[in-house]
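Q: this one's structure only:
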Ligand SMILES: Nc1ncnc2c1ncn2[C@@H]1O[C@H](COP(=O)(O)OP(=O)(O)OP(=O)(O)O)[C@@H](O)[C@H]1O
Ligand SMILES: Cc1ncc(COP(=O)(O)O)c(N)n1
C-alpha cells in the first residue's frame, strides 16, 4: 500500500473551460504531488472568450461538501477562490475559522476578461470575515484597489498596499504584481514582481515576465501551489517561493485554446520531463 499524499482542499468556482477555478486548482495539486479535493461554490459557463454565465450553489450544498471532506478525510491546507456572494463568503469564513490547517485566500473578484465573480456587496465580508482567517492572502492589484482603495502603479506602492491588507488580519499577504505592466500609467518591465510580507519580514519575488497572452488562471494556480507546498510542511516564504517558480513555468508554457486567452500549462513540468527523457 502506498502512503497517502498530503490532502489539500480548494473552495472555489468551476471553470468549464478548465483553465481557472476548481479545474486549475486540482491540476496544480496533482502536479505538485498532493491529493486535491473540492468544495464547489459556483458553476460558471466559461471559455477563452469570457464568462457566459454563473450560478452559485446554495449555502447548504457548500456546508455539506466541506463537512464531508473535513470530517472524514481531513485537510492539511485549504485554498479559497471564487465565492460569488456575501452569504457564501460569510459561510466559508465561518467554516474555516474552525480549522487548524493553513488557509490561502485568493480574493477573486473579476475574471481576466472583466466579468464579475464576486458581488460588490460581498467586499465587506471579504474584509471583515474572510481575510482574518487567512494564513496568506493573495490579492492582485485590482483586488487590492477594491479592498483598500490603494491604486498601485509602482513597486514602492506595493508595500503600502500590503500594509493596508494586513490591517484586515491575514498573517501574510502576497501582493501580486502580474498586472503592474501593460496598463497605461503603471510601471513594470521585464519582470513579474510580487511582494510577500507579514509586516515584519519582506520578500520580493521576481521572475522573468513571459510575453505570452495565454495567462488564464495564473492567480488560481499560484494560490493552489502555495496551499500544496504548505500542506507538505513548508514555511510560508518557502511555499510562496516554490509556488512562484511553478506558476512562472506554467505561464511560460501557456498555450492557445479557443479564440481568446488560453490557459497556463499546469502540466509543464511533466511535459518537459517527458521531452527530455
Ligand atoms: N506574463 C507573466 N509572466 C510571468 N509571470 C506572470 C505573468 N503574469 C502574471 N504572472 C505571475 O502570475 C502570478 C499571478 O499573478 P496575477 O497578477 O496575474 O494574478 P491574478 O490577476 O489574480 O491572476 P488571474 O487573473 O489569472 O486570477 C504572479 O506570481 C505574477 O507575478
Ligand atoms: C471560476 C473562476 N475562478 C477564478 C477565475 C479567475 O481567473 P482569471 O482571472 O484568469 O480569469 C475565473 N476566471 N473563474
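A: Sure, I can see it. If you're wondering where the values come from, they're calculated on a predicted model, not measured in any experiment. Ligands and ions are numbered 1, 2, ... in the order given.

Q: wait, what's in contact with the closest residue to ligand 1 within the stretch 1-150 of the chain?
A: In the stretch 1-150 of the chain, the residue that lies nearest ligand 1 is residue 140 (3.5 Å; CB to the nearest ligand atom). No exception for glycine: its C-beta is placed from N, CA and C like everyone else's. Neighbour list for residue 140: 176, 178-179, 219 [criterion: CB atoms under 8 Å, 6 or more residues apart in numbering].

Q: which of these fall in helices?
A: Counting by DSSP state H, the contacts of residue 140 place residue 219 in helices.

Q: ok, back up a step: any idea what the residue of the stretch 1-150 of the chain closest to ligand 1 is bridged to?
A: The partner list for residue 140 in beta bridges (DSSP bridges) reads residue 176.

Q: in the protein, which helix is the longest?
A: helix 236-252.

Q: in that one, what's buried?
A: 236, 239-244, 246-251 (16 or more other CB atoms under 10 Å).

Q: stretch 258-276 now?
A: Buried positions in stretch 258-276, judged by neighbour count with 16+ other CB under 10 Å: 260-266, 268-269.

Q: just stretch 123-135 next, same as before
A: 123, 125-127, 129-135.

Q: returning to that earlier point: let me know the closest of the buried residues of stretch 258-276 to residue 161.
A: residue 264 (24.2 Å; CB to CB).

Q: spatially nearest residue to residue 7, not counting backbone neighbours?
A: What sits nearest to residue 7 in space, not counting adjacent residues and going by CB to CB, 6 or more residues apart in numbering, is residue 35, at 4.8 Å.

Q: burial of that neighbour, as a residue count?
A: By other CB atoms under 10 Å, 18 other residues sit near residue 35.

Q: that one touches residue 26, doesn't it?
A: No: using CB atoms under 8 Å, residue 35 is not in contact with residue 26; the gap is 9.9 Å.

Q: tell me what angle the helix or strand that comes right after the longest helix of the chain forms with helix 236-252.
A: Downstream of helix 236-252, the next assigned helix or strand under DSSP states H and E is helix 268-276. Angle, helix 268-276 to helix 236-252, by axes from the mean of the first three to the mean of the last three CA atoms, to 10 degrees: 60 degrees.

Q: ok, residue 135 - contacts?
A: 102-104, 170-172, 230, 236.

Q: so which of the residues you listed are in strands?
A: Per DSSP state E, strands hold the following members of the contacts of residue 135: 103-104, 172.

Q: what segments of the chain are strands?
A: 7-15, 35-47, 50-56, 77-80, 103-105, 136-137, 172-176, 191-197, 202-208.

Q: mind putting those in TSV, mean pLDDT and distance to residue 89 included?
A: Shown next, in TSV, are these (pLDDT from 0 to 100; distance: least, CB to CB, whole Å):
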stretch	mean pLDDT	distance to residue 89
strand 7-15	98	10
strand 35-47	98	9
strand 50-56	97	11
strand 77-80	98	9
strand 103-105	99	10
strand 136-137	98	13
strand 172-176	97	18
strand 191-197	95	24
strand 202-208	95	27
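
Q: reformat those strands as CSV; add distance to ligand 2.
A: Below are these laid out as CSV (distance: least, CB to the nearest ligand atom, whole Å):
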stretch, distance to ligand 2
strand 7-15, 3
strand 35-47, 5
strand 50-56, 6
strand 77-80, 11
strand 103-105, 13
strand 136-137, 15
strand 172-176, 11
strand 191-197, 14
strand 202-208, 17
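
Q: please tabulate those strands in CSV, including the columns distance to residue 214.
A: Converted to CSV, those look like this (distance: least, CB to CB, whole Å):
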stretch, distance to residue 214
strand 7-15, 14
strand 35-47, 13
strand 50-56, 15
strand 77-80, 22
strand 103-105, 24
strand 136-137, 26
strand 172-176, 18
strand 191-197, 15
strand 202-208, 16
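
Q: what sits against residue 253?
A: Residue 253 touches 264-265, 268, 271-272, counting by CB under 8 Å, 6+ apart.

Q: what residues does this structure have near ligand 2?
A: 12-13, 15, 20-21, 44, 46, 81-82, 108, 111-112, 117, 216-217, 219-220 (CB under 6 Å from any ligand atom).

Q: quickly check: the helix or strand bottoming out on mean pLDDT in the chain near ligand 1 or not.
A: Here the helix or strand of the chain ranked lowest by mean pLDDT, DSSP states H and E is helix 268-276, holding a mean of 83. No: counting by CB under 6 Å from any ligand atom, ligand 1 is not contacted by helix 268-276; separation bottoms out at 12.5 Å.
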